[in-house]
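Asks: Okay, sequence plus prediction incoming.
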Protein chains: 4
Amino acid sequence: MTAIDPSRASTRTRMRVRFFETDLMGIVHHGSYFTYFEHGRVEWLRARGVTYADWAGKGVHLPVVEAHAKYQAPARFDDELLVETTLTELRTVSLRFGYRITRGDVPIATGYTRLACIDASHALLRMPEDMRAILLAAEVTKT
Amino acid sequence: MTAIDPSRASTRTRMRVRFFETDLMGIVHHGSYFTYFEHGRVEWLRARGVTYADWAGKGVHLPVVEAHAKYQAPARFDDELLVETTLTELRTVSLRFGYRITRGDVPIATGYTRLACIDASHALLRMPEDMRAILLAAEVTKT
Amino acid sequence: MTAIDPSRASTRTRMRVRFFETDLMGIVHHGSYFTYFEHGRVEWLRARGVTYADWAGKGVHLPVVEAHAKYQAPARFDDELLVETTLTELRTVSLRFGYRITRGDVPIATGYTRLACIDASHALLRMPEDMRAILLAAEVTKT
Amino acid sequence: MTAIDPSRASTRTRMRVRFFETDLMGIVHHGSYFTYFEHGRVEWLRARGVTYADWAGKGVHLPVVEAHAKYQAPARFDDELLVETTLTELRTVSLRFGYRITRGDVPIATGYTRLACIDASHALLRMPEDMRAILLAAEVTKT
């Protein structure tokens, strides 16, 4: 497992709860948080200059193989949330991101997803060195 | 426009409202109805022996190019709904399905979708004769 | 039907396509556009100082009673879209918004939704004068 | 923690993957599995004679406070899946369900959700004895 510099590993993204993400309990449906995590991950990569199309174009895919969330307080329609996404593990053929969602000072949810590195034929792939370097680097642009 | 025999043009499917399809108003989100229409359409095709994979495998795709819904009464979590799907138009390069959703005697929603017939390169495609024949035939199996 | 000043009736919102909004055709699922329209409508109201909570708190609800979309070109994951939302009709107990979604110069989709004005007991409600005034006013803040 | 009789604790539900649940990778989006788990849970309760409306009407709510999934093989549009839902823990103010999704002999995903027992004011609630008895009983009806 590669050492990760914590000072470079996080990206923060602001987002707003949309109406359709709520359910009849009047709060955000628990399943919607996985799309918030995904949004955080996309923005984490973008902040390091990477888009999905780039890596998919090179034949490298990162499907989610494990996902976890703990819900601390309900979020509601129109809430402005902060998603903090952190690379927490970088292995030879997989990586793990942690997430922390807050609304102001209120903790809303935490979670993680593990992603496998695979090629177009769905075989596990040793992550190429240039991609590892990007994942270990600091943010290039602010999201 | 090809004449359609009304006695063969409809298929009925029962389905139940799922929790995540509701919103904070406590009712099914209006956007979810388009997935109900889609479900009705998939079952309409299945009742005539067609699966998406079959036609996609032959290079024929039917993307939605227009969609419409009118909401008559709210549906709620766990409601059992009946979706009646009817082929209402069959043209050279497009077709139209109508939908009627009811809960018992209560009309819930009506709508339609127009689908274009295209090939893998997204060019409009004259629908092959064997497919037209299937669309005009009666149900083969009950869904 | 109340006259609407076109110079005040529109609001533009930028948004980005999220991964989960796509489907196996590799493009945004046609049902997702109704959540984009909704997003445009929420931001249109916010630009005039109105939040859902405000009006719901006063017992005024605006459920969608009709929805329509025409799809002109596919949108894809990570596309940056512009949603232009316009109040196109203001009646005693209903209103209609039109939507135009573009990606740069490319028209992606158009559509409209009709909303009814109802009270907490789901009875049609004559829209209060102060709310009508807000709907007819120009943007207060840029979204 | 209450002892659970494994011979009574499981319910199996069949379901089919819908089009909108897929993503641009051509497979079911990882977030959709949490709605499959939810579907399994709803049917698990229904098999024991319980509907959401029943318990909500008595002021007992069971929000998800933790969710986890491991993805073993991709599921695709139109796949027929079996969801096996099992009550795995019953505590004073919380319970846990485990899920196993398969397609024929192929394991697709496993997961669990922890639910808290709360009242209408969101305070933790000791689960009433009659409800505990229902949760520990065998299926009443086949789903």
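Replies: Structure's in. What do you need? Residues are numbered from 1 along each chain as shown, chains lettered A, B, ... in the order given.

Asks: my read: A:Ser10 touches A:Thr88, true?
Replies: No - look at A:Ser10 against A:Thr88 with C-beta atoms under 8 Å: they stay out of range, at 9.8 Å. In this view, the C-beta of every residue, glycine as well, is placed from N, C-alpha and C.

Asks: between those two, who's got more neighbours?
Replies: A:Ser10 (19 against 16; other C-beta atoms under 10 Å in any protein chain shown).

Asks: Show me what A:Thr89 is bridged to.
Replies: For residue A:89 the amino acid is Glu, not Thr. A:Glu89 has these beta-bridge partners by DSSP bridges: A:Arg96.

Asks: Which helix or strand contains the closest residue in space to A:Val50 that isn't next to it in sequence?
Replies: In this structure, A:Val50 finds its nearest non-sequential neighbour in A:Ile134, 6.0 Å apart by C-beta to C-beta, 6 or more residues apart in numbering or on different chains. Assignment of secondary structure by DSSP states H and E places A:Ile134 within helix A:129-136.

Asks: Find the centremost residue of chain A, please.
Replies: Closest to where the C-alpha atoms of chain A average out (C-alpha atoms, centre = their mean) is A:Arg41, at 2.6 Å.

Asks: Just the residues contacting the helix or strand of chain A with the lowest mean pLDDT, thanks.
Replies: The helix or strand of chain A with the lowest confidence, counting by mean pLDDT, DSSP states H and E, is helix A:52-57 at a mean of 88. By C-beta atoms under 8 Å, 6 or more residues apart in numbering or on different chains, the surrounding residues in contact with helix A:52-57 are A:42, A:45, A:61-62, A:131, C:19, C:77-78.

Asks: Can you pull out the low-pLDDT segments for chain A?
Replies: A:142-143 (pLDDT under 70).

Asks: Around chain B, which positions in it sit nearby?
Replies: A:19-20, A:22-24, A:26-27, A:29, A:31, A:76-77 (C-beta under 8 Å from any C-beta of the partner chain).

Asks: so which of these also contact chain C?
Replies: A:19-20, A:77.

Asks: which one of those residues has the most neighbours?
Replies: Result: A:Phe20 is most packed of those (other C-beta under 10 Å), 23 neighbours.

Asks: Doesn't that residue lie inside a helix?
Replies: Yes - under DSSP: H, G, I helix; E, B strand; the rest coil, A:Phe20 sits within a helix.

Asks: gap between it and B:Phe34?
Replies: As judged by C-beta to C-beta, to the nearest Å, A:Phe20 and B:Phe34 stand 12 Å apart.

Asks: my guess is A:Asp5 is in a helix, correct?
Replies: No - per three-state DSSP, A:Asp5 lies outside any helix segment and is coil.

Asks: Any figure for the gap between it and chain C?
Replies: Distance check for A:Asp5 against chain C: by C-beta to the nearest C-beta, to the nearest Å, it reads 27 Å.

Asks: A:Ile101 now?
Replies: In this view, A:Ile101 and chain C are 16 Å apart by C-beta to the nearest C-beta.

Asks: What of A:Arg100?
Replies: Distance from A:Arg100 to chain C, by C-beta to the nearest C-beta: 19 Å.

Asks: The helix or strand containing that residue vs helix A:129-136, what angle?
Replies: With secondary structure defined by DSSP H and E, A:Arg100 is part of strand A:94-103. Interaxial angle of strand A:94-103 relative to helix A:129-136 (axes from the mean of the first three to the mean of the last three C-alpha atoms, to 10 degrees): 20 degrees.

Asks: Chain C contacts on chain A?
Replies: A:18-20, A:35, A:38-39, A:42, A:51-53, A:77-78.

Asks: Which of the residues you listed are buried, as a PyMOL select command?
Replies: Buried subset of those, written as a PyMOL selection, criterion 16 or more other C-beta atoms under 10 Å in any protein chain shown:
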select buried, chain A and resi 18+19+20+35+38+39+42+52+77
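
Asks: how far does the helix or strand that the strand holding A:Arg100 is followed by sit from the chain's center?
Replies: Using DSSP H and E, the helix or strand that follows strand A:94-103 in sequence is strand A:106-116. Offset of strand A:106-116 from its chain centre (C-alpha atoms, centre = their mean, to the nearest Å): 8 Å.

Asks: Can you list the strands that strand A:106-116 pairs with?
Replies: strand A:64-71 (antiparallel), strand A:94-103 (antiparallel).

Asks: Compute the inter-axis angle for the lengthiest helix in chain A and strand A:64-71.
Replies: As assigned by DSSP state H, the longest helix anywhere in chain A is helix A:32-47. Angle, helix A:32-47 to strand A:64-71, by the same axes, to 10 degrees: 120 degrees.

Asks: From the contact counts, what lies against helix A:32-47?
Replies: strand A:10-16, strand A:64-71, strand A:80-90, strand A:94-103, strand A:106-116 (3 or more C-beta pairs under 8 Å, 6 or more residues apart in numbering or on different chains; DSSP states H and E).

Asks: what angle do the fourth one and strand A:10-16 make?
Replies: Right, strand A:94-103. Going by the same axes, to 10 degrees, strand A:94-103 makes 50 degrees with strand A:10-16.

Asks: Give me the residues contacting strand A:94-103.
Replies: Contacts for strand A:94-103 (C-beta under 8 Å, 6+ apart): A:33, A:36-37, A:40-41, A:44, A:62, A:65, A:73, A:75, A:79-89, A:107-117, A:127, A:135.

Asks: do the same with the last one
Replies: Defining contact as C-beta under 8 Å, 6+ apart, one finds that strand A:106-116 is touched by A:33-34, A:36-38, A:41, A:62-75, A:81, A:88-89, A:93-102, A:124, D:30.

Asks: Just the buried positions in that strand, please.
Replies: A:108-116.

Asks: I'd like the helices and strands packed on helix A:32-47 laid out as a markdown table, including distance to B:Thr2.
Replies: What follows is the helices and strands packed on helix A:32-47, written out as a markdown table (distance: least, C-beta to C-beta, whole Å):
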| stretch | distance to B:Thr2 |
| --- | --- |
| strand A:10-16 | 47 |
| strand A:64-71 | 45 |
| strand A:80-90 | 51 |
| strand A:94-103 | 53 |
| strand A:106-116 | 49 |
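
Asks: For D:Thr141, find the nearest of the ones you listed.
Replies: strand A:64-71 (31.1 Å; C-beta to C-beta).

Asks: Return the alpha-carbon coordinates of that closest one using CSV.
Replies: These are the backbone C-alpha positions of strand A:64-71, laid out as CSV (Å, rounded to 0.1, in the frame of the first residue of the first chain):
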residue,chain,number,x,y,z
VAL,A,64,-17.0,0.7,-7.3
VAL,A,65,-16.6,-2.7,-5.7
GLU,A,66,-17.6,-1.7,-2.2
ALA,A,67,-19.6,1.1,-0.7
HIS,A,68,-20.5,2.2,2.8
ALA,A,69,-22.3,5.0,4.5
LYS,A,70,-23.2,6.1,8.0
TYR,A,71,-26.0,8.6,8.4
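
Asks: chain center to that strand: distance?
Replies: 11 Å.

Asks: likewise stretch A:58-75?
Replies: 6 Å.

Asks: The spatially closest residue to A:Gln72 that is not a sequence neighbour pairs with what?
Replies: Excluding its sequence neighbours, the residue lying closest to A:Gln72 (C-beta to C-beta, 6+ apart) is A:Pro107, at 4.6 Å. Per DSSP bridges, the residues bridged to A:Pro107 are A:Thr102.

Asks: number of nearby residues for A:Ala123?
Replies: A:Ala123 has 8 nearby residues by other C-beta under 10 Å.
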